[in-house]
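J.: sequence and predicted model, in that order:
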Amino acid sequence: MPVPGLPVSLRREAPDDAPFLAALFASVRGPEFEGNGWPDEVRDAFLADQFRLQVIHYARFYAGAEFLIVERQGVPIGRLYIHRSSGDHRIVDISLLPEARNQGIGGALLDMACAEADRLGRPVSIHVEKNNPAQRLYRRKGFTPAGESGPSWLMIRAPRSEVPAEAPVKAGT
């Protein structure tokens, strides 16, 4: 499914995406461990284990979520995981490779998810680590802190009634 206004598309995650997803996870979380003195192999093993645990957590707590891969010209550049419930639309994860960041892609994905939730009158929520610079994007998109859990904020965007009609964030069948 194309993302309006951007040269990217979404598709459902497949089992053979695992190596890309592990590398994406490492690109997002790896910088937290730079300069801590760990040998590369120790840091890489730790990140691989953390990724494995995240996969288990998402499968357990967000079993009904839509797990989407963001592609540019058929090449994976990120992921968007959305769990829809009658109470809200939870952005479980939105991540892009470093070379795909700061190009409007994340904002466009958020806009799509929010437009879908708005049409249903539902808020959108996301957990964001307190030191994550993406908080600035979420705040620009209307998300506000609504609570905290350890190192993360729960941020919520209330539904809006006046939004342009767009297709829901769903991958092609």
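T.: Now that the structure is in, tell me what you want to look at.

J.: what about Gly35, how many residues nearby?
T.: 7 (other CB atoms under 10 Å). Where you see a C-beta, it was placed from the backbone N, CA and C, and this is true even at glycine.

J.: whoops, I mixed them up, Val3
T.: For Val3, the tally of surrounding residues (other CB under 10 Å) stands at 22.

J.: any idea which helix or strand carries the closest residue to it other than its chain neighbours?
T.: In space, and not counting its chain neighbours, Val3 is closest to Ala108: 5.4 Å by CB to CB, 6 or more residues apart in numbering. Under the criterion DSSP states H and E, the helix or strand holding Ala108 is helix 105-120.

J.: which elements pack onto that helix?
T.: Applying 3 or more CB pairs under 8 Å, 6 or more residues apart in numbering; DSSP states H and E, one finds that helix 105-120 makes contact with strand 75-84, strand 89-96, strand 124-129, helix 135-140.

J.: show me where pLDDT drops low in this protein?
T.: Scanning the chain for pLDDT under 70 picks out the ranges 162-173.

J.: what's the closest non-adjacent residue to the residue nearest the centre of the chain?
T.: By CA atoms, centre = their mean, the mean C-alpha position of the chain lies nearest to Ile94, the distance being 1.1 Å. With CB to CB, 6+ apart as the measure, Leu80 is the residue that lies nearest to Ile94, at 5.2 Å, once sequence neighbours are left out.

J.: sorry, back to before: so how far is the helix holding Ala108 off the chain centroid?
T.: Average the C-alpha atoms of helix 105-120, do the same for its chain, and the two points are 12 Å apart (CA atoms, centre = their mean, to the nearest Å).

J.: what does stretch 135-151 give?
T.: A distance of 14 Å separates the centroid of the chain from that of stretch 135-151, by CA atoms, centre = their mean.

J.: what sits up against it?
T.: Residues external to stretch 135-151 that are found in contact with it (CB atoms under 8 Å, 6 or more residues apart in numbering): 106-107, 110-111, 114, 124-131, 153-158, 160.

J.: now swap in stretch 40-49 and tell me
T.: Contacts of stretch 40-49 with the rest of the structure, by CB under 8 Å, 6+ apart, involve 22, 25-26, 29-30, 33, 36, 38.
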